[in-house]
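In: Test case, fold it:
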Amino acid sequence: MTMDSSRFGNIVFIPGAGGARYPHCNSLFIDDEVKAVIDPGSDEACLRDLAAGRRIDVLLDTHYHEDHTAFNHLFADAALWVHEAEAPCHRSYRTFLEHYGLAETPYREEWDEFLIGKFHWRERTPARALKDGDILDFGRTRAEVIHTPGHTIGHICLHFADEGILFLADYDLTPFGPWYGDHCSGIEQTIHSMNRLLTIPARVWITGHQLGIVEEGFEGLAEAYVDAIDRREAKLLDALESPLSLDEIVERWIIYGRQREPRYF
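Out: I've put the predicted structure just below:
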């Protein structure tokens with residue numbers, strides 16, 4: 001590894017570049033009989049080093065977002081595993097855009113350059129469609145698939161029961177709060193998924209962004225994370241004390257606090 005990494009048995013945590021803030025994420029490497037890379041969006045140099053140094057059998061994407069799949073192309077010979085609800089998003093760029101809500105955008109050229117050019121998006125047929133409760137056997141390491149829709153329709157978390165680890169992927173416990181901006185995202189699903197994650201026993205929680213390894217205080221972080229939804233709603237209701245059009249609501253930048261750049265975002 002070329003970055004500081006932490007190891008829990010055969011599970012290796014690879015921190016994302018830039019503090020694992022978008023456009024990067026944290027990755028996991030399973031160094032077992034079946035070698036796997038989970039969410040290869042952490043650091044290009046580190047992942048290239050990993051790809052060159054050994055055979056990778058499995059590439060596992062917790063969901064289809066570009067910051068978690070940016071370096072899928074480095075593991076072209078690995079079997080791709082994704083949740084069954086999102087397998088079509090990997091097979092078809094058009095379907096991917098439809099789930100994102102970008103199929104009819106007037107900024108299609110900009111998004112193509114962003115997703116295909118910058119993030120190396122390529123159509124790829126998954127070798128395995130995962131379901132909730134599936135047990136993934138890597139040899140001495142096993143993980144249970146926890147289907148946690150809301151962020152995306154097929155978002156999954158991974159529970160490594162023997163190691164006491166819960167990989168949260170993009171339920172990342174950041175102060176910003178949950179993200180549910182895709183066409184197929186959902187607020188109620190997000191809340192339900194977070195409540196479910198709170199019931200899963202773990203000693204270590206690993207987020208897809210920023211915090212990374214969390215060894216205490218998970219419940220408090222999770223509560224504050226979900227509470228962001230209510231805080232946003234309160235701001236929206238305050239703004240609507242006087243009637244506003246949809247465009248006027250957007251221009252308030254209630255969630256982000258400022259205009260997103262580039263504009264097509």
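In: List the residues that contact C157.
Out: By C-beta atoms under 8 Å, 6 or more residues apart in numbering, the contact set of C157 is T62, I146, T148, L166, F167, L168, A169, Y171, L197. Where you see a C-beta, it was placed from the backbone N, CA and C, and this is true even at glycine.
In: Show me these that map onto helices.
Out: Under the assignment DSSP state H, those contribute L197 to helices.
In: which among the contacts of C157 gets closest to D227?
Out: Y171 (13.9 Å; C-beta to C-beta).
In: burial count for that closest one?
Out: By other C-beta atoms under 10 Å, 27 other residues sit near Y171.
In: How about E86?
Out: Neighbours around E86, by other C-beta under 10 Å: 26.
In: try P201
Out: Residues near P201, counting by other C-beta under 10 Å: 8.
In: Next, it: secondary structure please.
Out: coil (DSSP: H, G, I helix; E, B strand; the rest coil).
In: residue contacts, E223?
Out: So E223 contacts nothing (C-beta under 8 Å, 6+ apart).
In: In three-state terms, label it for me.
Out: helix.
In: I'd guess A143 is in a strand, am I close?
Out: Yes: assignment of A143 by three-state DSSP places it within a strand.
In: is it true that it touches L158?
Out: Yes: look at A143 against L158 with C-beta atoms under 8 Å: they come within range, at 4.4 Å.
In: Just to be sure, V82 is in a strand?
Out: Yes: V82: assigned to a strand according to three-state DSSP.
In: any idea how far K118 is from it?
Out: 21 Å (C-beta to C-beta, to the nearest Å).
In: More neighbours: those two, which one.
Out: Per other C-beta under 10 Å, whichever of V82 and K118 has more neighbours is V82, with 26 against 11.
In: mind listing what that one touches?
Out: L60, D61, Y64, C89, H90, P126, R128, A129, L130, G154 are the contacts of V82 under C-beta under 8 Å, 6+ apart.
In: Now which of the residues you listed would you call buried?
Out: L60, D61, Y64, C89, H90, P126, R128, L130, G154 (16 or more other C-beta atoms under 10 Å).
In: Now render those as CSV, adding pLDDT.
Out: Below are the buried ones among the contacts of V82 laid out as CSV (pLDDT from 0 to 100):
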residue, pLDDT
L60, 98
D61, 98
Y64, 98
C89, 97
H90, 98
P126, 98
R128, 98
L130, 98
G154, 98
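In: Can you give me the buried ones in the helix or strand in which A52 is found?
Out: Secondary structure assigned from DSSP states H and E places A52 in helix 44-53. Across helix 44-53, burial judged by 16+ other C-beta under 10 Å covers C46, L47, L50, A51.
In: related to what we said a few turns ago, which one among the buried ones among the contacts of V82 gets closest to H183?
Out: C89 (11.3 Å).
In: name the element the closest one belongs to?
Out: Using DSSP H and E, C89 falls in helix 87-91.
In: any idea how far E233 is from P243?
Out: For P243, the distance to E233 - C-beta to C-beta - is 18 Å.
In: So which of those two has more stuff around it?
Out: E233 (12 against 6).
In: mind checking the SS state of the more buried one?
Out: With three-state DSSP as the criterion, E233 reads helix.
In: How about the contacts made by it?
Out: Contacts of E233 by C-beta under 8 Å, 6+ apart: none found.
In: And for the one 3 residues further on?
Out: L236 sits next to I249, I254 when contact means C-beta under 8 Å, 6+ apart.
In: Pretty sure it sits in a helix.
Out: Yes: counting by three-state DSSP, L236 is located in a helix.
In: circling back to that earlier point, where do the contact lists of A143 and L158 overlap?
Out: What both A143 and L158 touch, as defined by C-beta under 8 Å, 6+ apart, is the set L136, F167.
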